[in-house]
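Asks: 3D, please:
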Amino acid sequence: MEFKIDKFENHTLIKVLEEKLDTHVAPTLKSELVLVSGNGEKNIILDLENCRYCDSSGLSAILVANRLCKNANGMFVLTGLNDAVERLITISQLDTVLNISNTVEQAVEMITNAGN
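Replies: Next up is the predicted model:
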């Protein structure tokens, strides 16, 4: 199993269980994100705590999640980044576009405080 998906009252938490968010995992993640969004969820937290590596296809899946939430007037929060993944996001200048938190709890707080 590549992901663990938990639905809560005001958000859905998707935890990536793979060590690599790459061309083998990203397409499935995109499909899951589209399904979650299609079911009416507008707030998504993506937990990458187990992820040690991310490539361009992984970044693409992250951006799909961000766009789906924005289009639904919701919020997307990325959490649990390790140093390598965080560096990639910073180098790609996506840290200025994405909502990033250190913990799932902080991510939930961000969504709650945004009133979504």
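Asks: Confirm Ser60 sits in a helix?
Replies: Yes - using DSSP: H, G, I helix; E, B strand; the rest coil, the secondary structure at Ser60 is a helix.
Asks: Enumerate every residue touching the residue lying closest to it once chain neighbours are set aside.
Replies: Distances taken as Cβ to Cβ, 6 or more residues apart in numbering put Ala26 closest to Ser60, at 6.4 Å, once the chain neighbours are dropped. Using the backbone N, CA and C atoms, a C-beta is placed for each residue, glycine as well. Applying Cβ atoms under 8 Å, 6 or more residues apart in numbering to Ala26 gives the contacts Asp55, Ser57, Gly58, Ser60, Ala61.
Asks: what sits against the second one?
Replies: With contacts defined as Cβ under 8 Å, 6+ apart, Ser57 is in contact with Leu21, Asp22, Thr23, Ala26, Pro27.
Asks: The third one contacts Asp55, doesn't it?
Replies: Read it as Thr23. Yes - under the criterion of Cβ atoms under 8 Å, Thr23 makes contact with Asp55 at 6.8 Å.
Asks: of those two, who's got more company?
Replies: Just comparing Thr23 and Asp55: by other Cβ atoms under 10 Å the higher neighbour count belongs to Asp55, 15 against 12.
Asks: Quick check: closest non-adjacent residue to the more buried one.
Replies: Asp22 (4.7 Å).
Asks: Check Thr112 too.
Replies: Asn10 (6.9 Å).
Asks: Settle this for me: Asn50 is touching Leu21, isn't it.
Replies: No - with contacts counted by Cβ under 8 Å, Asn50 stays clear of Leu21, the gap being 9.6 Å.
Asks: hang on, the earlier thing: of the contacts of Ser57, closest to Ser101?
Replies: Nearest to Ser101 out of those is Leu21 (Cβ to Cβ; 17.5 Å).
Asks: check contacts around the residue lying closest to that closest one once chain neighbours are set aside.
Replies: Once flanking residues are discounted, Leu21 sits nearest to Gly58: 3.4 Å by Cβ to Cβ, 6+ apart. Listed by Cβ under 8 Å, 6+ apart, the contact set of Gly58 reads Lys20, Leu21, Asp22, Val25, Ala26, Leu29, Cys51.
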